[in-house]
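Asks: output the structure for:
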Amino acid sequence: MTQLTTAERSKRNKCLQIMIFISGLIVAVFIISMNTGFTKLAPLDVIRTLLGSGTKAQSLILFEFRMPRILISILAGAGLAVSGCIIQSVTRSPLADPGILGINAGAGLSIVLFISFFQSQQAVPVFTLPIVALIGAAAAAVLIYVLTLKRQQGFSSTRLLLTGIAVASGISALMVILTLKFDPNQYQFVSTWLAGTIWGSNWHFVLALLPWILVIFSYVLYHTRTLDILKLGESIAIGLGVPIEKNRRRLLLAAVALAAACVAVSGGIGFIGLIAPHLARRLVGAQHLKLLPVSALTGALLLLAADTLGRWMLQPAELPAGIIVSVIGAPYFLYLLAHAK
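Replies: Residues are numbered from 1 along each chain as shown. Here you go, the predicted model:
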């Protein structure tokens, strides 16, 4: 028993060390990101501004433009990663991701339709965006779930993946058709969103996303043991007395809501929910009490680094974070697909 306790303590310490290490990387990229942009701010200027000794121009650049975007990158990356982790565990498919399955596309379509009713982005009621996105994402998820279920064969992860890809393609095509009727400003927004640019760039977007992340993540952490059991398979879950369909639907709804809220303020960014859980699983294993926090930190680091790199590479122009993530995510998806059993 003492040896087992020592082993568990060692695993716990390893997980804590990994979380501290990733958090340190996030802080490092955070500092680099605050110094990255068209207007240069020296590291000492950033420190002085954070301490309240900067000029008005420096405070405006740092607190009103860069800081909200950085925080949205961190929150959205964490949310998308946790959403992907839940979907992978519930469906038992290592290829599952809210972007690949069409959930992000459904959320994006509802956001685009909603914003098209306003003359400018400044007139959009920001705090309603996650709710609007949830409607579209939920509709896409229900469609995919219904099409995936077969009367005699039940739930199939392979069928889920293929159905999700088909639905995502259809929604993307519909979105492109709708843009033909938009004015130049609306068309520019849709193009920006589809490319995966972090378009929410003020504190209202941060406050609109933060409650969704905190509430849903807390709910999922409370059900980590259920996720562990569902990961083992339907027969084992039934043997342990777990109501499969009830828990599966609740957790999928949480994953959909999390992805929708992130997409509502960050744009159409895919593959974070695919890559981050796989990297976290390699680091800390499949136990969800450890896997979910590490996935969140990994997703936050990936999206923050991608957005920072996108703002640095083609200055004064910007390369959307979604494109940088896709450059990494698409080959990784093909690799997983080639090695899928």
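
Asks: okay, CA-based contacts and neighbour counts for the rest of this
Replies: Fine.

Asks: any idea which helix or strand in the chain has the lowest mean pLDDT?
Replies: The weakest-scoring helix or strand in the chain, judged by mean pLDDT, DSSP states H and E, is helix 234-239 (a mean of 68).

Asks: got the contact list for Val256?
Replies: By CA atoms under 8 Å, 6 or more residues apart in numbering, the residues touching Val256 are Ser83, Pro98, Ile103, Leu134, Ala137, Ala138, Ala141.

Asks: neighbours around Gly99, how many?
Replies: 24 (other CA atoms under 10 Å).

Asks: try Ile32
Replies: Count around Ile32 with other CA under 10 Å applied: 14.

Asks: same thing with the one 10 residues further on?
Replies: Here the count is done by other CA under 10 Å, and Ala42 has 12 residues near it.

Asks: now it, nearest residue through space, not along the chain?
Replies: Asn35 (6.6 Å; CA to CA, 6 or more residues apart in numbering).

Asks: so how far is stretch 315-335 from its chain's centroid?
Replies: Put simply, stretch 315-335 sits 14 Å off its chain's centre (CA atoms, centre = their mean, to the nearest Å).

Asks: now do that stretch: everything it contacts.
Replies: 37-38, 95, 192, 195-198, 268-272, 274-275, 302-303, 306-307, 309-313.

Asks: any idea which helix or strand carries the residue most central in space within the chain?
Replies: When CA atoms, centre = their mean is applied to the chain, the residue found nearest the centroid is Leu80 (1.6 Å). Secondary structure assignment for Leu80, by DSSP states H and E: helix 67-91.

Asks: show me what secondary structure element comes after that helix.
Replies: helix 103-115.

Asks: ok so, going back, out of the contacts of Val256, which is most surrounded?
Replies: Of all the contacts of Val256, the highest neighbour tally under other CA under 10 Å goes to Ser83, namely 35 neighbours.

Asks: that one and Gly273 touch, don't they?
Replies: Yes. With contact defined as CA atoms under 8 Å, Ser83 reaches Gly273; the gap is 6.4 Å.

Asks: sorry, back to before: wait, the residue nearest to the centre of the chain sits on Ala264?
Replies: No. Contact between Leu80 and Ala264 fails when scored by CA under 8 Å: they sit 11.6 Å apart.
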